[in-house]
Structure formats: structure tokens, C-alpha cells
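> predicted model and sequence below, questions to follow.
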Amino acid sequence: MVRLDLEQSKGNMYQLHPFVWDCWAPSKVKIFVWRAIDGRIPTKSALAYRGITFSDLLCPFCSIEDEDVDHLLASYPFSVAIWEEVCRWVKIPSSSNFVDVKSILFFGNGWSSNKVKKKLLITVFFATMWSLWCNRNKKIFEGKAILIHKVLDDIKELAFLWLSIRSKISIREWSLWFGFNLDGMMY
Ligand SMILES: [Zn+2]
């Protein structure tokens, strides 16, 4: 189903945002981000748009703003805190201009002229958005608390797993990855 979906939509995906798809995230996560760009992941706002009724559209975490994709993945306080931690980890200056999914991806694309570094960063960004989404679902459907350090660990482990499976980068030590030591990783 997912594979079919990807095959059918590949043309559009590459046409719209060619840079984004050149990373080591799995297909299901690429599809998730592709849908997120167009607001088509099942947040309350997106479901309401399709006719599902809620008592309110408020974000289940902050209860201040409506839950839509850009709020959830970029601008609500927990996401902001996660992006700050991710930026600190990958040693990029600041996430203050990460206002929505598109701005995050455009930043990733423009970050480095080194193709491998760019792919690496976009892979981390995909892992971040995917982890935010999975943890949101764990909280809503399983009542699990979401903690910043736990989500950050998820992101590091997930991106490491994807790199190990799909890239030719050899990471000699886990500590190099945790320190995001690029020189150590590229050798
Ligand atoms: Zn919120």
C-alpha cells in the first residue's frame, strides 16, 4: 500500500521538492514528510477539513492554538525545544527561523554545499519530524508522557539506524555520532 502510494506519487514529489528526497530516511517517512508539506497528515485540523467533527481543534499539548501540521512539527513549544536541541546537537546556529515544515526543509537544503553533509542533515530533520509525530501519537493514543531528552534520544537512534542501513558512511563509534563529529564519521 505504502509502496504503491510512493510509486504513484513519485513524479509529484520530485517535481515539487527535489532536494528533500535525497536522504537516507525510509520510504514511509519520506511519504510522511511529503504529506506534511501539504498539511495532509491526520492532525485535528486536517481531519476536520475532511469532515470529522471534534469539540475543538485545539492542540492536545498546549490547548492554545489549533493542531495543524506546522504547529505540531515546528512551532509549538515542545517542538521548538526539540529543534533547539537538534540544532545544538548537529552544530547549526539556531532554529529560530523554523516556522513551518517548508522553512525547516529549505534550511536543510541550503545548509552545506557538501552533498553528504546535506543528506545527513536532512536525514536528521526527517528523523526529528517523524519522532515528533510518533511521540504525539504515543501520548494521545497510549497516554505516554513525552520528554525532551527521550525524543532527542529517539531522533539520534533513528537517524543512526537509517544511516547504518542505507548509507556508506561508517561511524566508528557511537560517541562520534552522539557528538555529531562529522570528520570522525566521514573517514
Ligand atoms: Zn500546541
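Right, received. Where do you want to start? Numbers count the residues shown, from 1 in each chain.

> what does this protein have sitting close to the ion?
59, 61-62, 76 (C-beta under 5 Å from the ion). Just so you know, the C-beta spots here come from the backbone N, C-alpha and C atoms, and that holds for glycine as well.

> okay if I get these as JSON lines plus secondary structure and pLDDT?
Formatted as JSON lines, the entries for the residues of the chain next to the ion read as follows, by DSSP: H, G, I helix; E, B strand; the rest coil; pLDDT from 0 to 100:
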{"residue": "Cys59", "secondary structure": "coil", "pLDDT": "89"}
{"residue": "Phe61", "secondary structure": "coil", "pLDDT": "84"}
{"residue": "Cys62", "secondary structure": "coil", "pLDDT": "85"}
{"residue": "Tyr76", "secondary structure": "coil", "pLDDT": "89"}
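
> and which of these is nearest Arg166?
Nearest to Arg166 among the residues of the chain next to the ion: Tyr76, at 30.3 Å, using C-beta to C-beta.

> I'd say the closest one and Cys62 touch.
Yes: in this structure, Tyr76 sits in contact with Cys62. The criterion is C-beta atoms under 8 Å, and the distance is 5.5 Å.

> SS state for the residue of the chain most remote from its centre?
Ranking residues of the chain by C-alpha distance from their mean position (C-alpha atoms, centre = their mean) puts Ser55 at the top, at 28.5 Å. Using DSSP: H, G, I helix; E, B strand; the rest coil, the structure places Ser55 in coil.

> need the contact list for it.
The contact partners of Ser55, by C-beta atoms under 8 Å, 6 or more residues apart in numbering, come to none.

> neighbour count winner among Tyr76 and Cys62?
Neighbours per residue (other C-beta atoms under 10 Å) separate Tyr76 from Cys62, with Tyr76 holding more: 21 against 12.

> the residue nearest in space to the middle of the chain: what's its closest spatial neighbour, skipping adjacent residues?
Note on the chain: the residue nearest the mean C-alpha position is Met129, at 2.0 Å, using C-alpha atoms, centre = their mean. Distances taken as C-beta to C-beta, 6 or more residues apart in numbering put Leu73 closest to Met129, at 5.1 Å, once the chain neighbours are dropped.

> quick one: that neighbour from the ion, how far?
The spacing between Leu73 and the ion, counted by C-beta to the ion, to the nearest Å, is 11 Å.

> okay, helices next: where are they in this structure?
For the chain, helices defined by DSSP state H occupy the ranges 2-16, 27-37, 44-49, 69-70, 77-90, 101-110, 115-142, 148-166, 174-178, 182-186.
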